[in-house]
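Participant: Fold the following and give me the result.
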Amino acid sequence: MSKSEENVQYRILDLFSGAGGFSLGLELLPNFKTVVANDIMNDALTTLGANFPECETILGDISDKSIRTKIVEISRAKKVNMIIGGPPCQGFSNKGKKLGLNDPRNFLFREYLKIVETLQPEVFVIENVKAMSTSTNGWFMDQILTTVKELGYEASSGILTASDFGVPQSRQRTFIIASKKGPIALPTVEKYGKPRTTVKDAISDLSFLESGEGSDVQPYKYKPKSDYQRELRASSTELFNHKATNHAPIALQKLKLIPAEQGKSSLPAEMHGKQKFKTTWGRLKWDQQSPTIDTRFDTPSNGTNSHPTLMRSITPREAARIQSFPDSFVFQGSKTNIGKQIGNAVPPLLAKVVGLAILDMYQVVPYEIYNVDATKKLEDLEREGVQVDHIITDPPYNISKKNNFATMTTSNRKGVDFGQWDKGFDLTGWIRTASALLKPGGTFIIFNSYRNLTPIIEELEINGLEVKDLIRWVKTNPMPRNTNRRYVQDSEYAIWAIKPGKPWVFNKPKSENYLRAQFSSSTVAGLERTTHPTQKSLKLIKELVSIHTNAGQVVLDPFMGSGTTGVAANSLGRRFIGIELEKEYFQIAKKRLDSIK
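Facilitator: As a prediction, this is how the structure comes out:
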């Protein structure tokens, strides 16, 4: 697919490319162009080469050193800065847990990561079966993400359902998006979702072939009957790959006994055959999504892949429609290989929303900050209908008092007198408005003096929040004073509350059995230190942001001070809204946030 180089931001190497469904979806956006592709299936690369004439294809196994060297050399020459692919993995099971990524069955996954390590792309995306996320209670996914981090990337992972994004199929796949610039959130239904597309929307205009009929190229018989059909037919004047399987007499006899949109249960017991699964010999349902299209969709005994009403399984073109390939995308090769090309592909419309998520991450403004009074600004945000995912803040504590170090005439120490901004502050008056901005399921973390915890907790509960725990920050290098009269003050506290209504975020690493509500780090020193007297440790705030928020979400700090919450949020791929009254600290925060860009 030829496209102008002007808008190309990502030049892609597609590993385990198959026919190129993943690349096709990304190339629906002007910012992506696949320039190199590799696979071991010759027919698949023939199809890809015909549909992507400007892409260089490399046939061979990436575990072969000469093939891997060729991939790297050509990718460097073509300035590849993004890698995509779905390396086959059979070792993601409890039985393979002992060896993890070293399990011999996962060697192709390791080869993929070797190429990532060598080429160092800006972004890489891994697509794989749903079980990669769910098997062994997520242990393997933890191992993968740890390896990705060791390579210098931040990653987001999860399961995407194709039907959420306009694909007429309930296919679920695991995706990992990794970036050098911080984690990129996976596309969400709320932001990128589309109305459900049905089997009827996808293939009702192709319902004119019986068993054994059709040809590789033929004219359309009917006009498009849905917007989805119009979209996929837009770039094609002829109908390709619409050829029905020539079924055996016994298969036709069974199909005649199965009513429209019904399945195996309609057959007499003696005709059930050896297939144990209830889904075999199933017909698709017009007004629903298709189950996952696999490589044997041409065989009725394989699953629910027979036409809703006709006496045949679906054709390659119908399967391609259900996978969201446009009609202009022509598949080449034997019948069996075309089935593999279609069944193994990433649905292009699903790939497209992954591309949109990548682009959106770098095109949105990562922060909004305001040099105004927080109480008034919170009221403005509420009037404007602004909603945030989480609030993490360190408001004034009202603990300042006159310096009593009168005898220390040469010292610049201020004791606990932080300045006028820490005096006469309404400790709880701002909480109602802030709570109104918080989305259901959102986290609310408030640092404060141990003296003020009770009234703050009471106010949070009055406003409908549930207090979950008290977080303790233990300073590894506390400042001792009056050591003959009191304990060293080595701890600060934060209240963790959530807004009911949806599940809250708690990203406990699956390698940990549990997490304590206690964090240890040094107080701020060195280059990190600013003039703000109560500046929090960036390490501490990053840990809290990682555990309690997800990439792409919005974090609000109404009392941002020198901007540590914002720096932590932006560096971890979250968006940030900050408010700070004091001009000096606002400017410090802005400078630190700008440095993240």
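Participant: separation between Ala162 and Pro347?
Facilitator: Separation of Ala162 from Pro347 (Cβ to Cβ, to the nearest Å): 5 Å. The way it works is simple: take the backbone N, C-alpha and C, and place the C-beta from them, glycine included.
Participant: Can you pull the residues that touch both of these two?
Facilitator: Taking Cβ atoms under 8 Å, 6 or more residues apart in numbering as the contact rule, Ala162 and Pro347 both touch 169, 171, 324.
Participant: Most neighbours among these, which one is it?
Facilitator: Among these, Ser324 has the most neighbours (other Cβ atoms under 10 Å), with 28 neighbours.
Participant: Please verify my assumption that that one contacts Pro347.
Facilitator: Yes - in terms of Cβ atoms under 8 Å, Ser324 counts as a neighbour of Pro347; the distance is 4.6 Å.
Participant: Give the residues shared as contacts by these two.
Facilitator: Residues touching both Ser324 and Pro347 (Cβ under 8 Å, 6+ apart) are 25, 162, 167, 169.
Participant: how many neighbours does the second one have?
Facilitator: By the measure other Cβ under 10 Å, the count of residues near Ala162 is 26.
Participant: Using the three-state scheme, assign the closest residue to Phe165 other than its chain neighbours.
Facilitator: Leaving out its chain neighbours, the residue that sits closest to Phe165 by Cβ to Cβ, 6 or more residues apart in numbering is Val353, at 4.8 Å. Val353 falls in the helix class when you classify it by DSSP: H, G, I helix; E, B strand; the rest coil.
Participant: Give me the number of neighbouring residues for Val353.
Facilitator: By other Cβ under 10 Å, neighbour count at Val353 equals 25.
Participant: Over to Asp594?
Facilitator: Residues lying near Asp594 (other Cβ under 10 Å) number 11.
Participant: gap between it and Asn484?
Facilitator: Asp594 is 46 Å from Asn484, by Cβ to Cβ.
Participant: How much space separates the residue sitting nearest the centre point of the chain from Val35?
Facilitator: Centroid-nearest residue in the chain, with Cα atoms, centre = their mean: Leu186, separated by 1.9 Å. Using Cβ to Cβ, we find Leu186 at a distance of 25 Å from Val35.
Participant: cool, Val505 as well?
Facilitator: Separation of Val505 from Val35 (Cβ to Cβ): 38 Å.
Participant: ok, now Pro268?
Facilitator: 56 Å.
Participant: do the same with Arg11
Facilitator: Distance of Arg11 to Val35, computed by Cβ to Cβ: 5 Å.
Participant: Pick out whichever of the two has more residues nearby.
Facilitator: Neighbours around Arg11 and Val35, counted as other Cβ under 10 Å, are more numerous at Val35. The numbers are 22 against 19.
Participant: Low-confidence regions, the stretch 301-450 of the chain specifically.
Facilitator: Residue ranges of the stretch 301-450 of the chain with pLDDT under 70: 363-365, 399-423.
Participant: ugh, wrong one, I meant the stretch 1-150 of the chain
Facilitator: In the predicted model, the stretch 1-150 of the chain carries pLDDT under 70 at residues 1-7, 89-106.
Participant: rerun that using 90 as the cut-off
Facilitator: Within the stretch 1-150 of the chain, the ranges that satisfy pLDDT under 90 run 1-9, 30-31, 87-110, 129-147.
Participant: Now do the helices in it.
Facilitator: Along the stretch 1-150 of the chain, the stretches classed as helices by DSSP state H, counting those that start in this stretch are 21-27, 42-51, 65-77, 107-119, 131-134, 139-150.
Participant: What score does the closest residue in space to Glu213 that isn't next to it in sequence have for pLDDT?
Facilitator: Using Cβ to Cβ, 6+ apart and skipping the chain neighbours, the partner closest in space to Glu213 is Ala244 (5.3 Å). pLDDT for Ala244: 95.
Participant: quick one, what contacts Ala244?
Facilitator: 209-214, 312-313, 315.
Participant: can we see that at 6 Å?
Facilitator: Residues near Ala244 by Cβ atoms under 6 Å, 6 or more residues apart in numbering: 209, 211, 213-214, 312, 315.
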